Structures are given as C-alpha cells and as structure tokens.
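Colleague: Sequence first, then the predicted structure, then my questions.
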Amino acid sequence: MSGHSKWAQIKHKKAATDVKKGKTFSKLAKEISIAARIGGGDPGGNPRLKTVIEKAKEANMPQENIKRAVLKGTGELPGASYEEVIYEGYGPGGAAILMEVLTDNKNRTVSELRHLMSKNNGNMGEAGSVSWIFDKRGYILVDKKTVDEDTLMTVALDAGALDMKNDPTEDNYEIITAPEEFMRVKEAIEKAGIAVSLAEITMLPKNYVPIDARQGDQMTRLIEALEDHDDVQNVYSNFDMPEEVMEKA
C-alpha cells in the first residue's frame, strides 16, 4: 500500500499544478454529466455526483461550468452522450494497466489508446485480463503529525471505514472505505477537526509488480501519455517502482 500512497500524492500534486486547465475542466465536466445522468442532478441524493463536484471545486472549476455539466447530464441542456468504458492492458515489466474512459466513440478511442500503449512499451489486453487485480475503494490520507493513531482509528472505523493502515515508513495514515461509505467517513474525519491530506475514490491493487528504474521511466511516460488523452478519466496500475524514479515523476 505504501507504493500507492506515494504515487497518489505525486499525482495529486501534479493535478494541482496542471497548467492545462481546459483539459482538466473538460474531463471533470464529462464525469459530472454522467454522474448526473445516472443518479440525478441533486448531489444530496447522488453520492457519486457529490464526490465529483467536490473534486471539481478543489480544482477551482467555475461554478457555472459545474452547473452546466449537471444540466447536460440530466438532459436539461443539449450535450454529447458519453459511454463509460474500462480498457485493460499491460505496461513495462508486465505491470497491469486499468483505464477508466468516457467516450462518445469507442472505436476511435480504443484505436488511439492501442497506439499510445504500443508506442510506450505497453500493450492492450482483453476485457477482464487485469481488472480482477483491483478493488474499487475510497482512499483517504491523513498526516501523522496532525492526530494520534488511536483517535483517528476510532473516528474512521465508527464512521464505517473498512481498514486503517499505519506504515512506519510513511508520513500518512491510510484509511480504506467501501465506495458508498467514502463521503461519510471523510466528513466524519473532517467534522472531528482532523485535516485530510488526500481523499479519492480509486482502484487499489491487490498485489504489486516490481519494476526497475528503466521500466519505471517507461511506465511514467506511458501513464502520462494515457492521462493526457481527452477520453481517459483515470489510469491505475499495480507497479512498484524505485522511490527515486517515483519522486522524479
């Protein structure tokens, strides 16, 4: 899990300093629209929509953009119809790659992703080839300097968390939740006056594949290329790369 903690924090920092705001907002708008289409436009009764709107606000997405995306999702404004698709494959060293995609043209998207994978030392896999390696979970990091372990564990588990981890080599406690309990646990922690360093719905690997420094550089380039694609919302992997390579990512 420590590998996931480091990579999650690096990705979060990169997202926070992403200069391509237009692309960031476009991806968030897609996610908001599909959440509203599936569960309705009221975030109070739609946990998925509530989560992504909070994510959009953290990215400083304008309120008007959020509202417009919701209305497109509910059909009150015209907009493209996006389909959720999972694509799977393998990266350098045989590490699993899982891509969450929102697209209005699956044939175009899969062709472009296959090209990106082959160009960057990866290859596409069949449906189900790697998805079994991952569990969808809520994932929360809390800085160890802000609270003691027993206090945080009591708050998190009482609110419905599945587990809390304290890796002595890490600066953060890791709290794992079921996706449907994510917001409740996060809000309970914050209500207790405990600051949250990072909170997201993610795909956690059940096992990790060690890769060397060269493969780590290749994996970093591959993930960046995939994440830069307009239709790719999230990329997950189960690599375990050397820390010095990860820190340069």
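Modeller: The structure has been received and is ready for your questions.
Colleague: Please name the residues that touch the closest residue to Pro47 other than its chain neighbours.
Modeller: Distances taken as Cβ to Cβ, 6 or more residues apart in numbering place Met183 nearest to Pro47, at 5.7 Å, with adjacent residues excluded. Where you see a C-beta, it was placed from the backbone N, CA and C, and this is true even at glycine. By Cβ atoms under 8 Å, 6 or more residues apart in numbering, the contact set of Met183 is Pro47, Lys50, Thr51.
Colleague: just checking, next helix/strand downstream of the strand or helix carrying Met183?
Modeller: Here Met183, judged by DSSP states H and E, is contained in helix 182-191. Sequence order places strand 198-205 as the next helix or strand after helix 182-191, per DSSP H and E.
Colleague: Give me the angle between that following strand and helix 182-191.
Modeller: Between the axes of strand 198-205 and helix 182-191, defined by axes from the mean of the first three to the mean of the last three Cα atoms, to 10 degrees, the angle is 140 degrees.
Colleague: confidence score at the residue lying closest to Gly45 once chain neighbours are set aside?
Modeller: Distances taken as Cβ to Cβ, 6+ apart put Gly39 closest to Gly45, at 7.5 Å, once the chain neighbours are dropped. Note on Gly39: pLDDT of 94.
Colleague: Only C-alpha atoms, please: export the helix holding Met183 in PDB.
Modeller: Provided in PDB are the C-alpha atoms of helix 182-191 (Å, rounded to 0.1, in the frame of the first residue of the first chain):
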ATOM      1  CA  PHE A 182     -16.400   7.200   1.300                       C
ATOM      2  CA  MET A 183     -18.100  10.600   1.800                       C
ATOM      3  CA  ARG A 184     -19.500   9.600   5.300                       C
ATOM      4  CA  VAL A 185     -16.000   8.600   6.600                       C
ATOM      5  CA  LYS A 186     -14.300  11.700   5.000                       C
ATOM      6  CA  GLU A 187     -16.900  14.000   6.500                       C
ATOM      7  CA  ALA A 188     -16.700  12.400   9.900                       C
ATOM      8  CA  ILE A 189     -12.900  12.800  10.000                       C
ATOM      9  CA  GLU A 190     -13.200  16.500   9.000                       C
ATOM     10  CA  LYS A 191     -16.000  17.100  11.500                       C
END
